[in-house]
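**Student:** sequence-free structure coming up:
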């Protein structure tokens, strides 16, 4: 086990090793491997459980522009802000785009949730709230390049989204196709975003210390996505209660 | 003198009184009345003094998108974020707009500053830095509606900009006209922004407490713009030093 002092004098990883370490984090810990996610993709969730997932995940969705604005407010480089700001637009929407938050609300309606129920976060589980709030706090307080590193879960998102769309169409035909617009949008948005973030992280995290912090940030992000599903698995699969 | 407890039970001001109290703050304390500003508009600044003003004010300009992103990151309402985000674009620029920071750099070049000198904030006076940093800290930590209230100095900006443009054209003919693009852009941006912010502040600050906080936020903002000019007046007019 290295002490921090040893680590700071350690030789930086070559780019390919740094990249493979980042990819390995998702390989081990991305939430597509969570039991709740496996049940979803296998068509084993009932309507109530699927609604619970959509309603809880909405809290995460609603906080994405907030965490990206926090990153923006910590970043002193205009040229980087000019790119990063697109993420806020993608979720909040603009004149020519309803935005990701609205698309998720349409998904919610497609699985039978009321819009107001989602907006008030009435079904939000405490464990999900804490995980999401920890993410926003991380992005507010960490150096911007480390906060940006935590967004690299998007490297693993397109594969998950493709499988999810297929699973919904196959196993949950009662969910209207129009409800899947968010998943489809992320098929192109996520690779564009992760391409940029990955190039930046590889370029700016040149010391071993920063490289290790970037890997740790990505692990932190994977863990919080996992913890969100833990809370849902416990509440909706292992110990479901009638209301 | 009221205690906070008394104040919180005080009757809210009617909208017209609230508005006139907000306007009165600028009437008394907006920086167009500062001696340094009076010298500038009267054509009494020499080249060195004008350069000092442009270089120091650039630090403020460079922090505007950062403070607006901080406000965005504290605002839970998507529809408001969708409007407020335009301010960041206005300053950082986008594909179709060089943006206010670049326009200010062009102003700097027009008064004879080097771009790198501005970007490195080489001429930044400590007092200016502290005032600007206090503004960013205020916007990061105050409730978003109060931080937004501090932006209402824009109510007073168009009148100042019109006079400034005329003064530059008359008294400083050596400054190339292309350098005045920032001032011209603000003639239309500032009223659009302050219209929105004013309606919002009047609508959301309904309690007497919030109204008083909004007035205090605007006063705080006027004071920091004034303090920036104080630092410049001291350094460049009252105690100028040869380098």
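**Tutor:** Yes, it's here. Given the structure is predicted, the values throughout are model-derived calculations rather than measurements.
**Student:** mind listing what's buried along the strand or helix carrying residue A:217?
**Tutor:** Taking DSSP states H and E as the criterion, the element that holds residue A:217 is helix A:208-233. Of all the residues in helix A:208-233, those buried under the rule 16 or more other C-beta atoms under 10 Å in any protein chain shown are A:208, A:210-215, A:217-233. For every residue, glycine as well, the C-beta is placed using N, CA and C.
**Student:** for chain B, what are the nearby residues on chain A?
**Tutor:** Contacts of chain A with chain B, taken as C-beta under 8 Å from any C-beta of the partner chain, map to A:62, A:65-67, A:69-70, A:72-76, A:78, A:81-82, A:85, A:88-89, A:92-94, A:99, A:101, A:140.
**Student:** which among those residues end up buried?
**Tutor:** Among the residues of chain A next to chain B, the ones that count as buried by 16+ other C-beta under 10 Å are A:62, A:65-67, A:69-70, A:72-75, A:78, A:81-82, A:85, A:88-89, A:92-93, A:99, A:101, A:140.
**Student:** how many residues are close by residue A:130?
**Tutor:** For residue A:130, the count of nearby residues is 14 (other C-beta atoms under 10 Å in any protein chain shown).
**Student:** tell me who's in contact with it.
**Tutor:** Residues near residue A:130 by C-beta atoms under 8 Å, 6 or more residues apart in numbering or on different chains: residue A:227.
**Student:** in a helix, it, correct?
**Tutor:** Yes. Counting by DSSP: H, G, I helix; E, B strand; the rest coil, residue A:130 is located in a helix.
**Student:** pLDDT wise, what is residue A:7 at?
**Tutor:** The model reports residue A:7 with a pLDDT of 57.
**Student:** surely residue A:65 is in contact with residue B:80?
**Tutor:** No. At 11.3 Å, residue A:65 and residue B:80 do not qualify as touching, with contact defined as C-beta atoms under 8 Å.
**Student:** quick one, what contacts residue A:45?
**Tutor:** Counting by C-beta under 8 Å, 6+ apart, residue A:45 touches A:39, A:53, A:172, A:236.
**Student:** can you say which helix or strand has the first one in it?
**Tutor:** So that's residue A:39. helix A:35-41.
**Student:** how far off centre is the helix ranked longest in chain A?
**Tutor:** In chain A, with assignment by DSSP state H, the single longest helix is helix A:47-74. In terms of C-alpha atoms, centre = their mean, to the nearest Å, the centre of helix A:47-74 is found 8 Å from the chain centre.
**Student:** what of stretch A:201-219?
**Tutor:** Per C-alpha atoms, centre = their mean, the displacement of stretch A:201-219 from the mean C-alpha position of its chain is 19 Å.
**Student:** contact partners of it?
**Tutor:** Under the contact criterion C-beta under 8 Å, 6+ apart, stretch A:201-219 has outside partners A:7-8, A:10-13, A:15, A:18-19, A:21-22, A:25-26, A:29, A:138, A:142-143, A:145-150, A:152-153.
**Student:** before we move on, what about stretch A:103-123?
**Tutor:** With C-beta under 8 Å, 6+ apart as the test, stretch A:103-123 has contacts from A:47, A:50-52, A:54-59, A:61-62, A:129, A:172, A:175-176, A:178-183, A:185.
**Student:** mind listing what's buried in the helix holding residue A:39?
**Tutor:** Neighbour counts over helix A:35-41 (16+ other C-beta under 10 Å) mark A:36-37, A:39-41 as buried.
**Student:** same question, stretch A:16-25
**Tutor:** For stretch A:16-25, by 16+ other C-beta under 10 Å, it's A:18, A:22, A:25.
**Student:** report the secondary structure element holding the second one.
**Tutor:** Taking DSSP H and E as the criterion, the element that holds residue A:22 is helix A:15-29.
**Student:** got the angle for that helix vs helix A:208-233?
**Tutor:** 20 degrees (axes from the mean of the first three to the mean of the last three C-alpha atoms, to 10 degrees).
**Student:** now which of the contacts of stretch A:103-123 would you call buried?
**Tutor:** In the contacts of stretch A:103-123, burial by neighbour count holds for A:50-52, A:54-59, A:61-62, A:129, A:172, A:175, A:179-183, A:185, counting by 16+ other C-beta under 10 Å.
**Student:** extract the residue ranges of chain A that are flagged as low pLDDT.
**Tutor:** Across chain A, the ranges flagged by pLDDT under 70 are A:1-8, A:242-243.
**Student:** what about 50?
**Tutor:** For chain A, applying pLDDT under 50 flags the ranges A:1, A:243.
**Student:** quick check: residue A:104 vs residue A:90, distance?
**Tutor:** Relative to residue A:90, residue A:104 is positioned 12 Å away (C-beta to C-beta, to the nearest Å).
**Student:** give the residues shared as contacts by the two.
**Tutor:** Common neighbours of residue A:104 and residue A:90 (C-beta under 8 Å, 6+ apart) do not exist.
**Student:** that older thread, farthest pair in the contacts of residue A:45?
**Tutor:** A:172 and A:236 (15.1 Å; C-beta to C-beta).
**Student:** not counting residues beside it along the chain, what's closest to residue A:31?
**Tutor:** Nearest residue to residue A:31, sequence neighbours excluded (C-beta to C-beta, 6 or more residues apart in numbering or on different chains): residue A:225, at 4.1 Å.
**Student:** check whether that neighbour really touches residue A:26, as I assumed.
**Tutor:** No. Applying C-beta under 8 Å as the test, residue A:225 and residue A:26 come out as separate, 10.2 Å apart.
**Student:** could you tell me which residues touch both of these two?
**Tutor:** Here residue A:225 and residue A:26 have residue A:153 as joint contacts, going by C-beta under 8 Å, 6+ apart.
**Student:** thinking again about what came up before, off-centre distance for the helix holding residue A:217?
**Tutor:** With C-alpha atoms, centre = their mean, you get 10 Å for helix A:208-233.
**Student:** of the buried residues of stretch A:16-25, which is the nearest to residue A:193?
**Tutor:** When the buried residues of stretch A:16-25 are ranked by distance to residue A:193 (C-beta to C-beta), residue A:22 comes first, at 14.8 Å.
**Student:** and the closest one, what is it in contact with?
**Tutor:** Counting by C-beta under 8 Å, 6+ apart, residue A:22 touches A:149, A:152, A:155, A:198, A:201, A:214-215, A:218.
**Student:** go again using 6 Å as the cut-off
**Tutor:** Residue A:22 is in contact with residue A:218, counting by C-beta atoms under 6 Å, 6 or more residues apart in numbering or on different chains.
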